[in-house]
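> With the sequence up front, the predicted model follows.
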Amino acid sequence: MATEVLGHTVGATANELALHSMAVMEKYSGGEAYNEAVWIERGRFAVRQTMEGMFELGRALIIIKEHTPHGRFAEIAEQEFGLGRRESQRLMNATLRFIDPKMKQAQPQLMKLGKSKLLELLVEDDDTLLELAEGGEINGNTLDDVDRMTVKELRVALRESRETAEAKDKVIADKNKKVDELAEKLAKKQTGVKEPQAEDVGSELTMRLSSLEVGIRSDVSRLKDLFQQMLAHGEAHGFDHRAKMVGTLNQIILDCETLRETYALPTEAPTDKVPEWLEGADNAED
């Protein structure tokens, strides 16, 4: 007998279909009779187990990460679970999102979509996901629509939704900016206050940043004493505080690197370059 699915073969007789079904059920299910509802429910159960396993893996990753240095965690995720940095982070993010009691309300409905679609949906905020689970829409698509989509189609739909929202936000922001600028100019005219010079503003901003830097470095320097106390406490009582200490340093470093990436700042300061606001001041004088 051919191995093709006869149910999709034009002209297959009832007897051929019955024989094919018996062969399939004998091979894959010990000879029990086929029942569509039963196998749909078994499929759903398998999906639930897969999703629950995903959250359990996410929970394990979170716990391991909180107890290991950054490099060691990446090594464990790769060697023990076959996960890269991006996938590990997505699994942990998904787990953290659904720990929230509010989000647990949406979990049963969203879990039906499967792991890949659920991870794609995590770019949306909690209220949007709750609304979707309760019968709402994302960019005109209901939960049933999302279920019928491929992962690629869902990714495109979510991107279009974000782009639409960002475009609206930009229009509103531009209008608000113009209103604020007009209001500021009107207020200056009414009060007779002159606009500050660009070099004065630049100098003020530089001073504020320097002041902020001093405060931050002062706070960081206080870590030395606290770390010393934690190590002494650990040695005296058998505790190991290093995971928390390393985690704190890594988070501070990560925050700084995020700032560098956000504003495309080089690792070396261009000390020989004249600030743009000073160049503008020189040109104005000429």
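Structure's in. What do you need? Numbering: from 1, shown residues only.
> can you count the residues close to residue 114?
Neighbour count for residue 114, taken as other C-beta atoms under 10 Å: 15. Yep, even glycine has a C-beta here, placed from its N, CA and C like the rest.
> Equivalent analysis for the one 10 residues further on, please.
Burial of residue 124 is recorded as 16 neighbouring residues (other C-beta under 10 Å).
> Can I take it that it is in a helix?
No. Going by DSSP: H, G, I helix; E, B strand; the rest coil, the assignment for residue 124 is coil, not a helix.
> ok, it touching residue 157?
No. Counting by C-beta atoms under 8 Å, residue 124 sits too far from residue 157 to count as a contact (11.1 Å).
> Residue ranges of each domain in the protein, please.
Following the assignment in automatic domain parsing, the chain carries domains at 6-34, 203-285.
> between these, which gets nearest to residue 101?
Smallest distance to residue 101 across those (C-beta to C-beta): 25.6 Å, for domain 203-285.
> Next one: residue 167 relative to residue 174, how far apart?
11 Å (C-beta to C-beta, to the nearest Å).
> rewinding a little: would you convert the domains of the chain into TSV that also reports distance to residue 95?
Formatted as TSV, these follow (distance: least, C-beta to C-beta, whole Å):
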stretch	distance to residue 95
domain 6-34	33
domain 203-285	18
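> Lowest average pLDDT across those?
Among these, domain 6-34 carries the lowest mean pLDDT, a mean of 74.
> Centre of the chain to that one, how far?
Domain 6-34 has its C-alpha centroid displaced from the chain centroid by 45 Å (C-alpha atoms, centre = their mean, to the nearest Å).
> Format the domains of the chain as TSV; extra columns: distance to residue 86 and mean neighbour count.
Output for those, formatted as TSV (distance: least, C-beta to C-beta, whole Å; neighbours: other C-beta atoms under 10 Å):
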stretch	distance to residue 86	mean neighbour count
domain 6-34	35	11
domain 203-285	15	11
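> closest to residue 78 out of the ones you listed?
Comparing the domains of the chain against residue 78 with C-beta to C-beta, the closest turns out to be domain 203-285 (17.8 Å).
> re the thing from before, intersection of neighbour lists for residue 124 and residue 157?
Common contacts of residue 124 and residue 157 (C-beta atoms under 8 Å, 6 or more residues apart in numbering): residue 138.
> ok so, going back, nearest to residue 99, of the domains of the chain?
Nearest of the domains of the chain (C-beta to C-beta): domain 203-285, 18.7 Å.
> re earlier: figure out which of the domains of the chain is closest to residue 82.
Of all those, domain 203-285 comes closest under C-beta to C-beta, at 23.4 Å.
> to the chain's geometric centre, what's the distance from that closest one?
Averaging C-alpha positions (C-alpha atoms, centre = their mean) puts domain 203-285 24 Å from its chain's average.
> buried residues in stretch 101-110?
Residues 103, 106, 107, 109, 110 are the ones in stretch 101-110 that count as buried (16 or more other C-beta atoms under 10 Å).
> so can I have a markdown table of those showing distance to residue 221, secondary structure and pLDDT?
Formatted as a markdown table, those follow (distance: C-beta to C-beta, whole Å; DSSP: H, G, I helix; E, B strand; the rest coil; pLDDT from 0 to 100):
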| residue | distance to residue 221 | secondary structure | pLDDT |
| --- | --- | --- | --- |
| 103 | 39 | helix | 74 |
| 106 | 45 | coil | 73 |
| 107 | 44 | helix | 72 |
| 109 | 50 | helix | 75 |
| 110 | 46 | helix | 73 |
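> Would you point out the most distant pair within these?
Farthest pair in the buried residues of stretch 101-110, by C-beta to C-beta: 103 and 109, 11.3 Å.
> what packs against the strand or helix carrying residue 129?
Following DSSP states H and E, one finds residue 129 within helix 126-133. Judged by 3 or more C-beta pairs under 8 Å, 6 or more residues apart in numbering; DSSP states H and E, helix 126-133 is in contact with helix 101-104, helix 107-111, helix 143-148.
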